[in-house]
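Trainee: model the structure of this input:
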Amino acid sequence: MDLSNFQLFLSNSGLFFEGVAAIIALLYYGSVKGQFWKYFAFYLVIIFLCEILGKWGVNWITFSDPVIEKLKKAIYYNYFVIPLQFIFFYWLYGAKSLKNNRLFWVFSLLYVLSFIPNELYFKESKIVSSFNYTFGCLLLMIMVIMEYYKQINSEDIISFQKNKMFYINLGVTLFYIGTLPFFTFYLLLYKENREIWDIYYSYYQISLILMYILFSISFIWGKQNS
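Mentor: The predicted structure follows:
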(Lines give C-alpha, C1' and ligand atoms only; values in the text may rest on other atoms or scores of the structure.)
Protein backbone atom coordinates (compact mmCIF):
# COMPACT_ATOMS: atom_id res chain seq x y z
CA MET A 1 0.00 0.00 0.00
CA ASP A 2 1.48 3.31 -1.12
CA LEU A 3 1.07 6.06 1.45
CA SER A 4 2.17 9.67 1.21
CA ASN A 5 4.61 11.14 3.72
CA PHE A 6 1.71 13.04 5.29
CA GLN A 7 -0.31 9.83 5.71
CA LEU A 8 2.68 8.05 7.23
CA PHE A 9 3.15 10.98 9.62
CA LEU A 10 -0.52 10.78 10.65
CA SER A 11 -0.23 7.03 11.16
CA ASN A 12 2.75 7.39 13.49
CA SER A 13 1.10 10.32 15.27
CA GLY A 14 -1.98 8.21 15.94
CA LEU A 15 0.07 5.68 17.89
CA PHE A 16 1.74 8.53 19.79
CA PHE A 17 -1.60 10.02 20.90
CA GLU A 18 -2.86 6.57 21.89
CA GLY A 19 0.18 6.36 24.15
CA VAL A 20 -0.48 9.85 25.54
CA ALA A 21 -4.08 8.88 26.35
CA ALA A 22 -2.87 5.73 28.13
CA ILE A 23 -0.34 7.72 30.19
CA ILE A 24 -2.92 10.35 31.16
CA ALA A 25 -5.35 7.58 32.14
CA LEU A 26 -2.69 6.12 34.44
CA LEU A 27 -1.89 9.55 35.91
CA TYR A 28 -5.57 10.12 36.74
CA TYR A 29 -6.19 6.55 37.84
CA GLY A 30 -6.03 7.51 41.52
CA SER A 31 -9.07 9.78 41.14
CA VAL A 32 -11.20 7.13 39.43
CA LYS A 33 -10.02 3.86 40.99
CA GLY A 34 -13.15 3.66 43.13
CA GLN A 35 -15.43 4.12 40.12
CA PHE A 36 -16.22 2.20 36.94
CA TRP A 37 -14.10 4.76 35.05
CA LYS A 38 -11.04 2.83 36.19
CA TYR A 39 -11.94 0.26 33.53
CA PHE A 40 -11.77 2.97 30.89
CA ALA A 41 -8.23 3.67 32.07
CA PHE A 42 -7.41 -0.05 31.81
CA TYR A 43 -8.98 -0.10 28.35
CA LEU A 44 -6.80 2.73 27.03
CA VAL A 45 -3.65 1.05 28.33
CA ILE A 46 -4.62 -2.34 26.92
CA ILE A 47 -5.53 -0.93 23.50
CA PHE A 48 -2.22 0.94 23.33
CA LEU A 49 -0.34 -2.26 24.15
CA CYS A 50 -2.40 -4.09 21.53
CA GLU A 51 -1.44 -1.47 18.95
CA ILE A 52 2.22 -1.83 19.89
CA LEU A 53 1.92 -5.59 19.47
CA GLY A 54 0.08 -5.15 16.18
CA LYS A 55 2.70 -2.80 14.79
CA TRP A 56 5.82 -4.70 15.83
CA GLY A 57 5.12 -7.77 17.96
CA VAL A 58 2.98 -9.69 15.45
CA ASN A 59 5.95 -9.79 13.08
CA TRP A 60 7.90 -11.82 15.65
CA ILE A 61 5.31 -14.60 15.54
CA THR A 62 5.45 -16.95 12.57
CA PHE A 63 3.01 -19.59 11.38
CA SER A 64 3.66 -22.68 9.27
CA ASP A 65 0.46 -22.10 7.31
CA PRO A 66 1.34 -19.55 4.58
CA VAL A 67 -2.23 -18.22 4.43
CA ILE A 68 -2.32 -17.50 8.17
CA GLU A 69 1.20 -16.05 8.01
CA LYS A 70 0.11 -13.63 5.28
CA LEU A 71 -3.09 -12.61 7.07
CA LYS A 72 -1.88 -12.80 10.69
CA LYS A 73 -2.14 -9.04 11.33
CA ALA A 74 -5.63 -8.86 9.84
CA ILE A 75 -6.69 -11.90 11.91
CA TYR A 76 -5.24 -10.33 15.06
CA TYR A 77 -7.24 -7.12 14.59
CA ASN A 78 -10.45 -8.62 13.19
CA TYR A 79 -10.84 -11.35 15.80
CA PHE A 80 -9.29 -9.81 18.90
CA VAL A 81 -8.54 -6.07 18.96
CA ILE A 82 -11.66 -4.76 17.20
CA PRO A 83 -14.10 -7.07 19.07
CA LEU A 84 -12.47 -5.96 22.32
CA GLN A 85 -13.10 -2.32 21.37
CA PHE A 86 -16.73 -2.82 20.38
CA ILE A 87 -17.70 -4.95 23.38
CA PHE A 88 -16.03 -2.52 25.78
CA PHE A 89 -17.95 0.43 24.31
CA TYR A 90 -21.21 -1.53 24.37
CA TRP A 91 -20.55 -2.06 28.09
CA LEU A 92 -19.57 1.57 28.72
CA TYR A 93 -22.56 2.98 26.86
CA GLY A 94 -25.21 0.35 27.57
CA ALA A 95 -24.47 -0.94 31.06
CA LYS A 96 -22.91 2.19 32.59
CA SER A 97 -23.93 5.42 30.89
CA LEU A 98 -27.42 4.38 29.72
CA LYS A 99 -27.78 2.04 32.74
CA ASN A 100 -29.29 -0.75 30.65
CA ASN A 101 -27.57 -4.10 31.14
CA ARG A 102 -29.94 -5.79 28.71
CA LEU A 103 -28.88 -3.35 25.98
CA PHE A 104 -25.25 -4.30 26.58
CA TRP A 105 -25.87 -8.05 26.43
CA VAL A 106 -28.21 -7.92 23.41
CA PHE A 107 -25.89 -5.69 21.38
CA SER A 108 -22.85 -7.77 22.32
CA LEU A 109 -24.63 -10.98 21.31
CA LEU A 110 -25.80 -9.47 18.00
CA TYR A 111 -22.26 -8.32 17.27
CA VAL A 112 -20.78 -11.76 18.00
CA LEU A 113 -23.45 -13.41 15.83
CA SER A 114 -22.57 -11.04 12.96
CA PHE A 115 -19.36 -13.03 12.50
CA ILE A 116 -21.46 -15.90 11.11
CA PRO A 117 -22.80 -14.11 7.98
CA ASN A 118 -19.42 -12.40 7.66
CA GLU A 119 -17.70 -15.80 7.35
CA LEU A 120 -20.44 -17.38 5.22
CA TYR A 121 -21.41 -14.64 2.80
CA PHE A 122 -19.07 -11.64 2.98
CA LYS A 123 -15.64 -13.26 3.21
CA GLU A 124 -14.95 -12.81 -0.51
CA SER A 125 -17.11 -9.73 -1.01
CA LYS A 126 -15.57 -7.09 -3.26
CA ILE A 127 -18.02 -4.42 -2.06
CA VAL A 128 -18.50 -4.78 1.70
CA SER A 129 -15.03 -5.26 3.18
CA SER A 130 -16.05 -6.40 6.66
CA PHE A 131 -19.69 -7.07 7.47
CA ASN A 132 -19.11 -7.67 11.18
CA TYR A 133 -17.18 -4.38 11.54
CA THR A 134 -19.92 -2.50 9.67
CA PHE A 135 -22.62 -4.13 11.79
CA GLY A 136 -20.66 -3.44 14.99
CA CYS A 137 -20.39 0.24 14.05
CA LEU A 138 -24.10 0.46 13.30
CA LEU A 139 -24.89 -0.95 16.73
CA LEU A 140 -22.46 1.51 18.30
CA MET A 141 -24.07 4.35 16.31
CA ILE A 142 -27.43 3.52 17.89
CA MET A 143 -25.84 3.82 21.33
CA VAL A 144 -24.14 7.09 20.35
CA ILE A 145 -27.49 8.56 19.29
CA MET A 146 -29.08 7.38 22.54
CA GLU A 147 -26.24 8.98 24.48
CA TYR A 148 -26.65 12.30 22.66
CA TYR A 149 -30.38 12.18 23.39
CA LYS A 150 -29.64 11.52 27.06
CA GLN A 151 -27.16 14.40 27.25
CA ILE A 152 -29.46 16.86 25.46
CA ASN A 153 -32.30 16.08 27.85
CA SER A 154 -30.12 16.11 30.95
CA GLU A 155 -30.40 18.83 33.57
CA ASP A 156 -26.60 19.07 33.46
CA ILE A 157 -26.49 20.08 29.79
CA ILE A 158 -25.32 23.58 30.75
CA SER A 159 -22.18 22.12 32.28
CA PHE A 160 -21.63 19.58 29.50
CA GLN A 161 -17.89 20.31 29.56
CA LYS A 162 -17.68 18.44 32.87
CA ASN A 163 -19.38 15.34 31.47
CA LYS A 164 -16.80 12.66 30.69
CA MET A 165 -19.20 10.90 28.32
CA PHE A 166 -19.54 14.09 26.25
CA TYR A 167 -15.88 13.87 25.20
CA ILE A 168 -15.99 10.10 24.76
CA ASN A 169 -19.18 10.26 22.70
CA LEU A 170 -17.76 12.99 20.48
CA GLY A 171 -14.55 11.02 19.94
CA VAL A 172 -16.46 7.84 19.09
CA THR A 173 -18.65 9.81 16.68
CA LEU A 174 -15.68 11.29 14.84
CA PHE A 175 -13.80 8.00 14.53
CA TYR A 176 -16.10 4.98 14.52
CA ILE A 177 -19.16 6.61 12.99
CA GLY A 178 -17.25 9.03 10.77
CA THR A 179 -15.10 6.29 9.22
CA LEU A 180 -17.91 3.73 8.84
CA PRO A 181 -18.31 4.24 5.04
CA PHE A 182 -14.51 4.12 4.61
CA PHE A 183 -14.07 0.72 6.25
CA THR A 184 -17.29 -0.68 4.80
CA PHE A 185 -16.25 0.07 1.21
CA TYR A 186 -12.48 0.05 1.84
CA LEU A 187 -11.41 -2.22 -1.03
CA LEU A 188 -13.93 -0.78 -3.47
CA LEU A 189 -12.71 2.75 -2.84
CA TYR A 190 -9.06 1.69 -3.00
CA LYS A 191 -9.49 0.02 -6.38
CA GLU A 192 -12.05 2.28 -8.02
CA ASN A 193 -11.40 5.76 -6.63
CA ARG A 194 -7.98 6.18 -5.06
CA GLU A 195 -8.38 9.95 -4.68
CA ILE A 196 -11.41 9.58 -2.39
CA TRP A 197 -9.65 6.72 -0.60
CA ASP A 198 -6.63 8.96 0.11
CA ILE A 199 -8.83 11.75 1.47
CA TYR A 200 -10.80 9.36 3.65
CA TYR A 201 -7.64 7.60 4.86
CA SER A 202 -6.29 10.97 6.04
CA TYR A 203 -9.61 11.65 7.79
CA TYR A 204 -9.42 8.22 9.42
CA GLN A 205 -5.99 9.01 10.89
CA ILE A 206 -6.95 12.56 11.94
CA SER A 207 -10.18 11.37 13.57
CA LEU A 208 -8.22 8.68 15.44
CA ILE A 209 -5.89 11.36 16.83
CA LEU A 210 -8.83 13.59 17.78
CA MET A 211 -10.62 10.68 19.47
CA TYR A 212 -7.67 9.92 21.75
CA ILE A 213 -7.20 13.62 22.50
CA LEU A 214 -10.86 13.74 23.54
CA PHE A 215 -10.41 10.59 25.62
CA SER A 216 -7.48 12.29 27.37
CA ILE A 217 -9.55 15.44 27.95
CA SER A 218 -12.31 13.33 29.50
CA PHE A 219 -9.90 12.48 32.33
CA ILE A 220 -8.53 16.02 32.67
CA TRP A 221 -11.73 18.07 32.45
CA GLY A 222 -14.42 15.48 33.04
CA LYS A 223 -16.15 15.29 36.40
CA GLN A 224 -14.60 12.36 38.24
CA ASN A 225 -17.70 11.45 40.21
CA SER A 226 -19.87 11.08 37.13
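Trainee: remind me what the longest helix along the chain packs against, helices and strands.
Mentor: With secondary structure taken from DSSP state H, the chain has its longest helix at helix 194-220. Helices and strands touching helix 194-220, by 3 or more CB pairs under 8 Å, 6 or more residues apart in numbering; DSSP states H and E, are helix 5-27, helix 37-55, helix 164-172, helix 180-184, helix 186-192. (Glycine included, C-beta is placed from N, CA and C.)
Trainee: next, the buried residues of it.
Mentor: Of all the residues in helix 194-220, those buried under the rule 16 or more other CB atoms under 10 Å are 197-198, 200-201, 203-219.
Trainee: before we move on, what about stretch 130-148?
Mentor: Neighbour-count burial for stretch 130-148 flags 130-137, 139-140, 143-144, 146-147 (criterion: 16+ other CB under 10 Å).
Trainee: can I get those residues in TSV including distance to residue 167, pLDDT and secondary structure?
Mentor: As requested, the buried residues of stretch 130-148 are exported to TSV (distance: CB to CB, whole Å; pLDDT from 0 to 100; DSSP: H, G, I helix; E, B strand; the rest coil):
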residue	distance to residue 167	pLDDT	secondary structure
130	27	79	coil
131	30	83	helix
132	27	87	helix
133	24	91	helix
134	25	91	helix
135	26	93	helix
136	22	95	helix
137	19	95	helix
139	21	97	helix
140	16	97	helix
143	16	97	helix
144	13	97	helix
146	17	96	helix
147	12	96	helix
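Trainee: nearest to residue 22 among those?
Mentor: Residue 22 lies nearest to residue 140 out of the buried residues of stretch 130-148, by CB to CB, at 21.3 Å.
Trainee: poorly predicted segments of this structure, please.
Mentor: Residues of the chain meeting the criterion pLDDT under 70: 1, 58-71, 122-129, 223-226.
Trainee: measure the residue lying closest to residue 46 once chain neighbours are set aside to residue 76 for me?
Mentor: Nearest residue to residue 46, sequence neighbours excluded (CB to CB, 6 or more residues apart in numbering): residue 84, at 7.5 Å. According to CB to CB, to the nearest Å, residue 84 stands 11 Å off from residue 76.
Trainee: what do you get for residue 206?
Mentor: The value you get for residue 206 to residue 76, if CB to CB is used, is 24 Å.
Trainee: over to residue 213?
Mentor: Relative to residue 76, and taking CB to CB, residue 213 is found at 26 Å.
Trainee: what sits against residue 222?
Mentor: Going by CB atoms under 8 Å, 6 or more residues apart in numbering, residue 222 touches 162-164, 166-167.
Trainee: verify the stated contact: residue 200 with residue 178.
Mentor: No - between residue 200 and residue 178 there is no contact under CB atoms under 8 Å: 9.5 Å.
Trainee: wait, residue 183 touches residue 131, no?
Mentor: No - between residue 183 and residue 131 there is no contact under CB under 8 Å: 10.9 Å.
Trainee: the residue nearest to residue 157 when sequence neighbours are not counted: neighbour count?
Mentor: In space, residue 157 comes closest to residue 151 once its chain neighbours are excluded; the distance is 6.4 Å by CB to CB, 6+ apart. By other CB atoms under 10 Å, the residues close to residue 151 number 16.
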